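okay, here's the prediction I keep looking at, along with the sequence it came from:
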Amino acid sequence: MSINKERTFNAFEIRDTNSHNGNTVYNGNFIIKTIIVENDLNEEITLQCQASANADFSKCFNVGSPFNVNANKSVYQTCETYFPYFRMVGECENAPTTGDLTIIILGVN
């Protein structure tokens with residue numbers, strides 16, 4: 001069994017209500033993914049997982065439904081849908097004034 005660990009957001013400070021795209025994560029042969037969200041922002045964030053057959057995210061798919069993570073909380077989600085490239089998209093309804101966002105995608109084959 002192999003494990004891959006990549007960050008799509010790495011201590012990213014959000015101070016607005018815009019949509020923010022995380023870094024693209026190459027999934028390779030990793031089938032099962034655990035998405036670890038460390039929301040240290042002082043506002044709730046809505047996250048959506050997106051995937052692509054190639055690194056071109058102008059042609060991507062939403063995977064699953066958006067989910068909310070409360071302010072100053074850590075949560076995880078699992079995903080068994082396979083695409084070679086993943087990223088997370090985050091948006092806050094109210095602009096945070098403190099904190100940052102870290103999202104780690106762990107892949108297992």
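Now that the structure is in, tell me what you want to look at. Numbering: from 1, shown residues only.

CA only for contacts and neighbour counts going forward, please
OK.

now the most centrally placed residue in the chain: closest residue in space that isn't a chain neighbour?
If you average the C-alpha coordinates of the chain and look for the closest C-alpha using CA atoms, centre = their mean, you land on Met88, 3.1 Å from that point. If you skip the residues right next to it in sequence, Met88 has Cys49 as its closest partner in space, 4.6 Å away by CA to CA, 6 or more residues apart in numbering.

returning to that earlier point: check contacts around the residue nearest to the centre of the chain.
For Met88, the contacting residues are 8-9, 21-23, 47-50, taking CA atoms under 8 Å, 6 or more residues apart in numbering as the criterion.

what kind of secondary structure is the residue nearest to Met88 in?
Assigned state for Cys49: strand (three-state reduction, DSSP: H, G, I helix; E, B strand; the rest coil).

so it sits right up against Gly90, yeah?
No. The pair Cys49 and Gly90 does not pass the contact test of CA atoms under 8 Å, sitting 9.0 Å apart.

report the contact partners of Ser52.
59-61, 83-86.

and the pLDDT at it?
At Ser52 the predicted local distance difference test score is 92.

low pLDDT regions in this structure?
Counting by pLDDT under 70, the chain contains low-confidence ranges at 1.

now Ile104: how far from Glu13?
The span separating Ile104 from Glu13 equals 15 Å under the rule CA to CA, to the nearest Å.

before we move on, what about Asp100?
As for Asp100, its distance to Glu13 is 4 Å (criterion: CA to CA).

those two: who's more crowded?
For Asp100 and Glu13, the more surrounded residue by other CA atoms under 10 Å is Asp100, and the numbers stand at 19 against 16.

now do the contacts for that one.
By CA under 8 Å, 6+ apart, the residues touching Asp100 are 11-14, 39-41.

what about the strands in this protein?
Listed in chain order, the strands of the chain (DSSP state E) span 3-12, 20-21, 25-26, 32-39, 45-52, 61-69, 73-79, 85-91, 101-108.
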